[in-house]
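Novice: Here is my input, please return the structure:
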Amino acid sequence: MTYKFTPSAENAMEFANQITTKLGHDYIGTEHILYGLSRENTGVASKVLEGQGINYDNILVQIEEIIGAGRLKSRKVLGFTPRTKKTLENAYQEAKKMNSDLIGTEHILIRDVKRRG
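Specialist: Numbering: from 1, shown residues only. Got it, this is the predicted structure:
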């Protein structure tokens, strides 16, 4: 499914893609999305994360410690993990519940947190 994002959410997704490539991972996981949400400093999600003392540098350190970096920095990103797909579908549903045609950073963050919490 193709989703429509707010400019902030589009930026967050682009940051997620960039960090995925930089780390040599061949998938975009929720950890990459969280990094993107934090790095995109104009969205609601980044403000919430910042208020909790979470920033993209901390997230990157954790990704590298837990998952590590791939060996090949030039790998092609193959797509979203199943969990990422579910998070984005849930964000779409949350946006619809809030009468929004666009998925914002807040929808992505709240749906992932609700699912985990």
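
Novice: Now for the residue most central in space within the chain, which secondary structure element holds it?
Specialist: Relative to the mean C-alpha position of the chain, the nearest C-alpha, by Cα atoms, centre = their mean, is the one of residue 33, at 1.4 Å. Secondary structure here is read from DSSP states H and E; on that basis residue 33 sits in helix 30-39.

Novice: which residues sit against that helix?
Specialist: Residues from elsewhere that reach helix 30-39, judged by Cβ atoms under 8 Å, 6 or more residues apart in numbering: 11-17, 19-20, 25, 43, 45-46, 49-50, 54-56, 59-60, 62-63, 66-67, 81, 83-84, 87, 105, 108-109, 112. Heads up, the C-betas are built off the backbone N, CA and C, glycines and all.

Novice: I'd like the next helix or strand past that helix.
Specialist: Toward the C-terminus, helix 30-39 is succeeded by helix 44-51 as the next helix or strand (DSSP H and E).

Novice: centre of the chain versus that next one, how much separation?
Specialist: On the basis of Cα atoms, centre = their mean, to the nearest Å, the separation between the geometric centre of helix 44-51 and that of its chain is 13 Å.

Novice: Now do the helix or strand that comes right after that helix: distance to the chain's middle.
Specialist: Toward the C-terminus, helix 44-51 is succeeded by helix 56-66 as the next helix or strand (DSSP H and E). In terms of Cα atoms, centre = their mean, the gap separating the centre of helix 56-66 from the centre of its chain is 13 Å.

Novice: quick one: helix 56-66 to helix 30-39, angle?
Specialist: Relative orientation of helix 56-66 versus helix 30-39 (axes from the mean of the first three to the mean of the last three Cα atoms, to 10 degrees): 160 degrees.

Novice: Now do the very next helix or strand once past helix 56-66, average pLDDT.
Specialist: Beyond helix 56-66 in the direction of the C-terminus, DSSP H and E gives the next helix or strand as helix 82-97. Taken as a whole, helix 82-97 carries a mean pLDDT of 95.

Novice: CA-only coordinates of helix 82-97 in CSV, if you can.
Specialist: Once side chains and other backbone atoms are set aside, the C-alpha atoms of helix 82-97 remain, and they are given as CSV (Å, rounded to 0.1, in the frame of the first residue of the first chain):
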residue,chain,number,x,y,z
PRO,A,82,6.9,-7.0,8.6
ARG,A,83,6.8,-5.1,11.9
THR,A,84,7.5,-1.8,10.1
LYS,A,85,4.7,-2.6,7.6
LYS,A,86,2.4,-3.2,10.5
THR,A,87,3.5,0.0,12.2
LEU,A,88,2.8,2.1,9.1
GLU,A,89,-0.6,0.4,8.5
ASN,A,90,-1.5,1.2,12.2
ALA,A,91,-0.3,4.8,11.7
TYR,A,92,-2.5,5.0,8.6
GLN,A,93,-5.5,3.8,10.7
GLU,A,94,-4.7,6.2,13.5
ALA,A,95,-4.6,9.1,11.0
LYS,A,96,-7.9,8.1,9.6
LYS,A,97,-9.4,8.0,13.1
